[in-house]
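1. Kindly generate the corresponding structure for this input.
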Amino acid sequence: MKKILVITYYWPPKGGVGVQRWLKLTKYLCKYNYEPIIYTPEDDFSPLEDQSLVDTISPRLTILKTNIFEPQKIFSFLFRKKVKSDILIRTKKSWLDKVFVWLRSNFCIPDSRSFWIQPSIKFLNKYIEKNPIDLIISTGPPHSMHMIAFALKKQHQINWIADFRDPWTGIEYFKQLPLLSFVKKRHINLEYKILSNADLTLSVSPSWAKQLSDLGAKKTAILTNGYDSEDYQINNVIVDSNKFTIGHFGLYNELRDHDFLWKTIKEIVKHKLDFSNKLQFLFAGEIHANFFMKIKTYQFDQKLIYHEYLNHANSIQYMMQCDLLLVTQGDAASVNGRLPAKFFEYLRARRPILAIGKKNSDLDKIIQNISYAWFVDFDNSTLLHNTILQIYELSKQDNIFDDDITEFSRESQAQKLIDLINDL
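-> Okay, the predicted model is just below:
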């Protein structure tokens, strides 16, 4: 039985999308007689909590925790202000936000969890000396997790998999960060050090895997995000036939909010009375500061149901009640490889999916093989108009979408991971 140390910042009771990948993969690794050991922070700064996820942790897991210091705690305490997850990409920031971003960018390398690196190396060195392990897996962001794993790899000569759920210097906001020149060089050097020393670098998409390979990764593999079928064992899901509900789940920031979407829907509403009467928006998750103002501008405020946060189980239930599930990408440098985690959960909900993004991106290519998913490229108002109406007409019928999507199940992905581990 192989013992695998998984170094992750995101773990229950934290909520949000970052938790799901390794919560689910370790669940199925246990099923196939691997022994994951989770190392994660105690008393961390997390704006999202989902206590329901605690009950889904495999009882066979060993979980190690140590305290972490994060500068966000001081910022929030001093200014009584929550640090929002889109603070690095917002175009409009208060002077206070700008100061925080500058300090974070230039003093916390590679990220604001950097103060946890050295204490973690010290703790885990002692643990490994007494409890030998066979493999290290680090998952980032935050990329501080990779820095911890790199030091352990160097000290103990253990095989190491670096899992990149997002790029590092290739992330959409990296070039906008107010980095001093030597700090930028340090990021580039650290990224290369991680990629060139990891025995395997995992990526969630083909485009990002190629990007990481070009940056120096000696071996890459693709392990997309996915869904867990056990999350969808929900009885009596009722879709209201008197409503046409457009749902979006997860972060909806400025980059992902496209004017042509709202203008197109407004145009349909003007000319199609039954569509207007049935239309309803369901948004769940963090939204950007101007979202409600924009909704009001288009006179959709009375049609909006908004949940600031839903736990994972409730999110799945609401997804299954929607008539159209919306995925929107930001028109940014990293868009070709962005396969949103929500997309795979939408897939398993088996409700019509509308994605807005860049033509020939990885998301576009996956959607081409899904009968109940449609892709619209940026600013293509005509295609968007026709696609929304097509999905609206479909909503009047009893549809059964039975595409084979098992390759995206968490269990299938765990089996692929096991094959990758055995090839090291």
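
2. Point out where the stretch 51-200 of the chain drops to low pLDDT.
-> Counting by pLDDT under 70, the stretch 51-200 of the chain has low-confidence residues at 72-93, 95.

3. ranges for the helices of it?
-> Along the stretch 51-200 of the chain, the stretches classed as helices by DSSP state H, counting those that start in this stretch are 71-79, 95-107, 117-130, 144-156, 181-197.

4. closest to Gly337 out of the ones you listed?
-> Taking Cβ to Cβ as the criterion, helix 181-197 is the member of these that comes nearest to Gly337, at 15.3 Å. For the C-beta atoms, the positions are set from N, CA and C on the backbone; glycine is no exception.

5. Now that closest one: buried residues?
-> Taking 16 or more other Cβ atoms under 10 Å as the neighbour-count basis, helix 181-197 is seen to contain the buried residues 183-184, 187, 190-191, 194-195, 197.

6. what packs against whichever helix or strand comes after it?
-> Past helix 181-197, heading to the C-terminal end, the next element that is a helix or strand (DSSP states H and E) is strand 200-203. Here strand 200-203 touches strand 159-164, helix 206-214, strand 220-222, going by 3 or more Cβ pairs under 8 Å, 6 or more residues apart in numbering; DSSP states H and E.

7. For the second one, name the packing helices and strands.
-> Think helix 206-214. Using 3+ Cβ pairs under 8 Å, 6+ apart, helix 206-214 is in contact with strand 200-203, strand 220-222.

8. The first one: partners in the sheet, and parallel or antiparallel?
-> Here strand 200-203 is paired, per DSSP bridges, with strand 159-164 (parallel), strand 220-222 (parallel).

9. Point out the most buried one among those.
-> Scoring the strands paired with strand 200-203 by mean neighbour count under mean count of other Cβ atoms under 10 Å gives strand 159-164 as the most buried, with a mean of 24.

10. how distant is that one from the center of its chain?
-> Distance, stretch centre to chain centre, for strand 159-164: 18 Å (Cα atoms, centre = their mean, to the nearest Å).

11. And for stretch 355-371?
-> Taking the mean C-alpha point of stretch 355-371 and that of its whole chain, the gap between them comes to 17 Å (Cα atoms, centre = their mean).

12. what about stretch 2-22, how long is it end to end?
-> The separation between the terminal residues of stretch 2-22, taken as Cα to Cα, to the nearest Å, is 17 Å.

13. one step back: got CSV for the helices and strands packed on strand 200-203, with distance to Lys303 too?
-> Supplementary listing: these in CSV, determined by distance: least, Cβ to Cβ, whole Å:
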stretch, distance to Lys303
strand 159-164, 39
helix 206-214, 36
strand 220-222, 39
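
14. looking at the ones you listed, which is closest to Ile295?
-> Proximity of the helices and strands packed on strand 200-203 to Ile295 was assessed by Cβ to Cβ; the nearest stretch is helix 206-214, lying at 32.2 Å.

15. May I see the buried residues of that closest one?
-> Going by neighbour count (16+ other Cβ under 10 Å), the buried part of helix 206-214 is 206-212.

16. wait, which of the residues you listed is closest to Asp377?
-> Sorting the buried residues of helix 206-214 by how near they are to Asp377, with Cβ to Cβ, puts Ser207 at the top with 16.0 Å.

17. wait, isn't Leu180 in contact with Ile109?
-> No: taking Cβ atoms under 8 Å as the definition, Leu180 is not a contact partner of Ile109, at 10.5 Å.

18. more crowded one of those two?
-> Between Leu180 and Ile109, counted using other Cβ atoms under 10 Å, the more crowded position is Ile109 (18 against 11).

19. Enumerate every residue touching the more buried one.
-> Contacts of Ile109 were listed using Cβ atoms under 8 Å, 6 or more residues apart in numbering, and they are 183, 186-187, 190.

20. just Met319 next, same as before
-> Applying Cβ under 8 Å, 6+ apart, the residues contacting Met319 are 247, 249, 325, 345-346, 349, 351.

21. Which ones among those map onto strands?
-> 247, 249, 325 (DSSP state E).

22. Which one of these is nearest to Thr56?
-> Distance from Thr56 was checked for each of these by Cβ to Cβ. The minimum falls on Phe249, at 18.2 Å.

23. The closest one pairs with what?
-> Bridge pairing for Phe249 (DSSP bridges) gives the partners Ala284.

24. circling back: put together TSV for the strands paired with strand 200-203, with distance to Ile265 on each row.
-> As requested, these are arranged in TSV below (distance: least, Cβ to Cβ, whole Å):
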stretch	distance to Ile265
strand 159-164	35
strand 220-222	34
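
25. Ok, which of the ones you listed comes nearest Val6?
-> For these, proximity to Val6 was assessed by Cβ to Cβ; strand 159-164 is nearest, at 9.0 Å.

26. Could you check the angle that closest one makes with helix 206-214?
-> Relative orientation of strand 159-164 versus helix 206-214 (axes from the mean of the first three to the mean of the last three Cα atoms, to 10 degrees): 130 degrees.

27. Not counting its neighbours along the chain, what's nearest Lys14?
-> Here the nearest residue to Lys14 in space, its sequence neighbours aside, is Ser46; by Cβ to Cβ, 6 or more residues apart in numbering that works out to 4.7 Å.

28. Next, find the distance separating that neighbour from Leu179.
-> Plainly put, Ser46 is 26 Å away from Leu179 if you go by Cβ to Cβ, to the nearest Å.

29. on that earlier part again, which of the helices and strands packed on strand 200-203 sits closest to Asn131?
-> Ranked by Cβ to Cβ, the member of the helices and strands packed on strand 200-203 that lies closest to Asn131 is strand 159-164, at 16.5 Å.

30. Test for you: state the pLDDT assigned to the nearest residue to Asn399 once chain neighbours are set aside.
-> Nearest-residue entry for Asn399: Tyr372, 7.5 Å, with adjacent residues in sequence omitted and distances by Cβ to Cβ, 6+ apart. You'll see Tyr372 listed with a pLDDT of 98.

31. picking that back up, ok, the residue nearest to Lys14 to Ala151 distance?
-> Ser46 is 25 Å from Ala151, where distance means Cβ to Cβ.
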